[in-house]
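Asks: need a structure here:
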Amino acid sequence: MSGLTNSINRFTDAKNYLNTFINYEKKSNYSYNKVLKLSRVERLLESLNIDYRKLKSIHVAGTKGKGSTATFCGYLLSSAGYKTGLYISPHFFDFRERIQILNSVKGKTESRLIPKKDVVRLLDKLRPQLEQLRFRKDLGALSFFEVYTALAFKYFIEEKVDFVVLETGLGGRLDATNVVTPLVSILTHIGYDHMDKLGLTLPEIAREKAGIIKKNIDVVSAGQKPSVQRVITQRARKMHSNLFVYGEAFKSANGYLSGRHTTFDFHFGTQKIKGSKILLKGQYQIENASLAMASILLLKEKGFIPARLNFKEALCNSFLEGRFEVLKDKPLVVCDIAHNEPAFCALAENLKLYYPDKKIILIFAASSDKDIKSMLNKINYKHLIITRFNNPRSFTPQQIKNICNIKPVYLAEDIKKALEIAKQLYNSGSIIVVSGSLFLVSEAKSRLKNKF
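Replies: Okay, here's the model as predicted:
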């Protein structure tokens, strides 16, 4: 808190204050089971007089597709006329991206980030209580994510949102968002990631993710591997929750992937929605959209959504940065925030589907807790440029080279140099792919706003 006055008057003060709380997104060496405590989050919300239980929420966890699924849910609710809060993480350029309000304006959903003045006002108001709880011997230290989650809940309540869609940060069972009892829980595809925190096996990881399943609350799940599905089924039975699985209770068909849109038909019981369109590319995005559609239909069946739903328009307007996104056409640059093995499998499928004849120039960086060998093995690249991003968790280029024993390879000290190397290697038969971390993609997007 050094350099801060007794009150928070400017947005810079607010950012500096938030950064005084421990940020596990910038750390890799910590004990997941010891430092994350829901009891601390509950005490925090109680002390701040934030009645989060009044929020009507949809809760999303998983390894891959959380952000896309949460965004689809938010846009579906907004298109029906509901003021919807959306809480996602991490962010690209501004931490305010994590807290959004979605409103339908003239039939089209518009997204608004929490205004800077409200971040300043709320933090200044909450600061005395935050300082009292900053560190408690019995509960441990407050984290950035916990404080920001509390800020989000406070803001959503003030804004009188009709619904809120919450994406978990890490895992599920111990995540700060897991204090809620949602209207429906969603589990996207579960695979290997954060094994040092969540467990070395898929069942162990699945148990952490399935921790968001609450008693008598419907669960909508992606199609999972058998070992994962068993864990989810067991948890749902234990909690007396109805389980709806993609490919069984609901499904998609006739998926068609065009250059601009992905179209598909959706089936859930007697409900059939033909010709749904999404901007996000890839077969896996059809599944993510289907998860959202099934969840919203369940809420409608239970009477939570009396308004008419406009699936086609809502899905077509939904967009999330960094998901197989074309950043430039000449040279052709695509970015993807894939940061684990399952996501790199999906990235490889998209590259084969959309750019089957292009030689891949891969710009890669990753956090130091990632299985980089498995990730890189999924991509059939012609040239590999290893770099790093501006975060303490980032592997150095040399570390990646040594771990993976890759030859030949280009090493670049930052994204600027990596893009320069890629441009020299590029020709009309190539595609430059930037992937491995959201942080890397964020830096690439910032750089490519300038001339390249």
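
Asks: Mind checking what secondary structure residue 60 has?
Replies: Secondary structure for residue 60, judged by DSSP: H, G, I helix; E, B strand; the rest coil, is strand.

Asks: Residue 270 and residue 379, how far apart?
Replies: Separation of residue 270 from residue 379 (CB to CB, to the nearest Å) stands at 42 Å. (Glycine included, C-beta is placed from N, CA and C.)

Asks: Could you do residue 127 as well?
Replies: On the measure of CB to CB, residue 127 and residue 379 end up 46 Å apart.

Asks: For residue 270 and residue 379, work out which one has more neighbours and name it.
Replies: Applying other CB atoms under 10 Å to residue 270 and residue 379 shows that residue 379 carries more neighbours, namely 18 against 5.

Asks: Give the full set of residues in contact with that one.
Replies: By CB atoms under 8 Å, 6 or more residues apart in numbering, the contact set of residue 379 is 344, 347-348, 351, 360, 362, 433.

Asks: repeat for residue 285
Replies: Here residue 285 is in contact with 65, 68, 262, 278, 323 (CB under 8 Å, 6+ apart).

Asks: same thing but at 10 Å, please
Replies: Applying CB atoms under 10 Å, 6 or more residues apart in numbering to residue 285 gives the contacts 65, 68-69, 72, 255, 257, 262, 264, 278-279, 315, 318, 320, 323-324, 346, 350.

Asks: ok, now residue 35?
Replies: Here residue 35 is in contact with 22, 24, 27, 140-141, 143, 174, 197 (criterion: CB under 10 Å, 6+ apart).

Asks: switch to 8 Å and redo it
Replies: 24, 140-141, 143.

Asks: what ranges of the stretch 151-300 of the chain fall below the confidence cut-off?
Replies: 259 (pLDDT under 70).

Asks: For it, which segments are assigned as strands?
Replies: 163-167, 184-187, 218-221, 243-245, 250-257, 262-268, 271-278 (DSSP state E, counting those that start in this stretch).

Asks: From the contact counts, what lies against the second one?
Replies: Translated: strand 184-187. strand 57-61, strand 218-221, helix 283-301 (3 or more CB pairs under 8 Å, 6 or more residues apart in numbering; DSSP states H and E).

Asks: The nearest residue to residue 300 once chain neighbours are set aside and residue 276, how far apart?
Replies: Spatially, and ignoring its direct neighbours in sequence, residue 300 is nearest to residue 309 (6.6 Å; CB to CB, 6 or more residues apart in numbering). Separation of residue 309 from residue 276 (CB to CB): 12 Å.

Asks: The two: who's more crowded?
Replies: residue 276 (22 against 19).

Asks: show me what contacts the more buried one?
Replies: Going by CB under 8 Å, 6+ apart, the list of residues near residue 276 reads 263-266, 289, 293, 311-312, 315.

Asks: Kindly list the main-chain dihedrals of residue 322?
Replies: phi 80, psi 10 (degrees, to the nearest 10).

Asks: likewise residue 240?
Replies: According to degrees, to the nearest 10, residue 240 has phi 60, psi 40.

Asks: pretty sure it is touching residue 216, no?
Replies: Yes - Residue 240 is within contact range of residue 216, at 5.4 Å (criterion: CB atoms under 8 Å).

Asks: since we're on residue 326, how many residues are nearby?
Replies: Neighbours of residue 326 using other CB under 10 Å come to 13.

Asks: which stretch of helix or strand covers the residue minimising distance to the centre of the chain?
Replies: Nearest residue to the geometric centre of the chain (CA atoms, centre = their mean): residue 67, 3.4 Å. Assigned by DSSP states H and E, residue 67 belongs to helix 66-79.

Asks: Is it correct that residue 48 is in contact with residue 126?
Replies: Yes - contact between residue 48 and residue 126 holds when scored by CB under 8 Å: they sit 5.6 Å apart.

Asks: any shared contact partners between the two?
Replies: 150, 154.

Asks: ok, and for the helix or strand where residue 44 lies, which residues are buried?
Replies: Counting by DSSP H and E, the element that carries residue 44 is helix 38-47. Across helix 38-47, burial judged by 16 or more other CB atoms under 10 Å covers 38, 40-41, 43-45.

Asks: Reformat these as JSON lines; add distance to residue 415 and pLDDT.
Replies: Compiled in JSON lines, these are given as follows (distance: CB to CB, whole Å; pLDDT from 0 to 100):
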{"residue": "38", "distance to residue 415": "37", "pLDDT": "95"}
{"residue": "40", "distance to residue 415": "36", "pLDDT": "95"}
{"residue": "41", "distance to residue 415": "35", "pLDDT": "96"}
{"residue": "43", "distance to residue 415": "41", "pLDDT": "95"}
{"residue": "44", "distance to residue 415": "36", "pLDDT": "96"}
{"residue": "45", "distance to residue 415": "38", "pLDDT": "97"}
